[in-house]
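Visitor: A structural model of the following input is requested.
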Amino acid sequence: MSARRRRVVALAVTAMVAAGSAHAISGGDAVATILGSGGNGRASVDRVAVARSVAATTVALVLFNGQRQPDGLCSGSIVHERVILTAGHCVVAGGGVRRLAVLFEDGVGGTARREALDIEVHPAFLDLVQGPGFRRDSQNLEQQLRRNGGFFAVDLALVLLHRPVPDTHRPALLVAPGYRDRAGGAKVIAGYGAERGFAATGTPALRYAEVVGASLRADRGEVTGQDELVLDSKYRNGARVTTCKGDSGGPIFVRESGTGRLRLVGVSSAGDEHCREVAVAASIAGQRAVLRRMFDALMQGEQGAEGNPF
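Guide: Next up, the predicted model:
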């Protein structure tokens, strides 16, 4: 096992066993700061456009324990007016799914809330975490992740909202069917991690950053040999830039050729335990067929079911 794989496994263990811990994107930009500048010279037109797109499509997920007390934070992306895409490990606990609420921040101080009506988790992810011998102690979990390399590729879930997203938000554009990632291509990451750990009160802050990414391929063998996205951190103003724990489930974007518009390509799954070197994301392209079936199952009988984005 490579050093990179050991680091990734370490954070995956931390994220699933201690889901209450959360940190913001390391070295990223605060969306509220950029939008607050109004593009008046303190932020470039491009940075303002990216911040607006990120703010309109990225949400915070507040997780609740069995006593209905908030005890964790994740991020997610709007893929339909009533459906949020996030990471499976954000919503699964103790063999079942967690109660959660979804927060919509407009980037300039306004916040709306929606309740989760239902959740659909990737079936292969459930097979892993509910399989025989799977225990929630960290040592056994690390062994489980080593044996089941496909964990990161299927770390996906869909959340059905009790009513449509607010007017300040919209579904993200997805990469087109058949999309192939370009090795070394830039990615934009976003998330609502809290810099000093999860707080039950207050509004989480959305941040984003640009990193260097490359699709993992079998001949590299660094993590699993499947189609996850590997995101290498980069230096910006002397600091490392990458995802961290509270950004789990948050979007990974690529820029559309020609227009520069952001298109959703993946979902943050895990990274190194110090949030400095590497992150791994589940690829939408690699799981599009399963996501389409998950959406149909989640939206069965619901208004808007015909608008499957996958």
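
Visitor: what about the closest residue to residue 64 other than its chain neighbours, distance to residue 163?
Guide: Nearest residue to residue 64 in three dimensions, chain neighbours excluded: residue 99, at 4.4 Å (CB to CB, 6 or more residues apart in numbering). Bear in mind the C-beta positions are built from the backbone N, C-alpha and C, glycine included. Taking CB to CB, to the nearest Å as the measure, residue 99 falls 17 Å from residue 163.

Visitor: so those two - more neighbours on which side?
Guide: The neighbour count for residue 99 versus residue 163, taken as other CB atoms under 10 Å, is higher for residue 99 (16 against 10).

Visitor: my read: that one touches residue 61, true?
Guide: No: in this structure, residue 99 is not within contact of residue 61 by CB atoms under 8 Å, at 10.8 Å.

Visitor: sorry, back to before: wait, what's in contact with the residue nearest to residue 64?
Guide: 63-64, 68, 116 (CB atoms under 8 Å, 6 or more residues apart in numbering).

Visitor: with residue 31 instead?
Guide: Applying CB under 8 Å, 6+ apart to residue 31 gives the contacts 51, 54-55, 107, 190, 205-208.

Visitor: okay, who's weakest in the contacts of residue 99 by pLDDT?
Guide: Lowest in pLDDT among those is residue 68, which has 79.

Visitor: can you count the residues close to residue 123?
Guide: Neighbours of residue 123 under the rule other CB under 10 Å: 13.

Visitor: now do it, the pLDDT please.
Guide: pLDDT, residue 123: 93.

Visitor: same check, this time on residue 48
Guide: Note for residue 48: predicted pLDDT of 88.

Visitor: how many neighbours does residue 164 have?
Guide: 15.

Visitor: wait, it sits on residue 81?
Guide: Yes: if you go by CB under 8 Å, residue 164 and residue 81 touch, sitting 4.2 Å apart.

Visitor: so residue 92 touches residue 123, yeah?
Guide: No: contact criterion CB under 8 Å: residue 92 and residue 123 do not qualify, at 12.0 Å.

Visitor: quick one, strands of the stretch 201-310 of the chain?
Guide: Counting by DSSP state E, counting those that start in this stretch, the stretch 201-310 of the chain has strands at residues 207-215, 229-232, 234-236, 239-241, 251-255, 262-271, 278-283.

Visitor: which strands border the second one, and is each parallel or antiparallel?
Guide: Meaning strand 229-232. Sheet pairing of strand 229-232 (DSSP bridges) gives strand 207-215 (antiparallel), strand 278-283 (antiparallel).

Visitor: give me every residue that touches residue 269.
Guide: 12, 87, 89, 152, 155, 228, 248, 279-282.

Visitor: which one is it nearest to, not counting chain neighbours?
Guide: residue 155 (4.2 Å).

Visitor: buried residues in the helix or strand containing residue 127?
Guide: Using DSSP states H and E, residue 127 falls within helix 123-129. Of all the residues in helix 123-129, those buried under the rule 16 or more other CB atoms under 10 Å are 124-126, 128-129.
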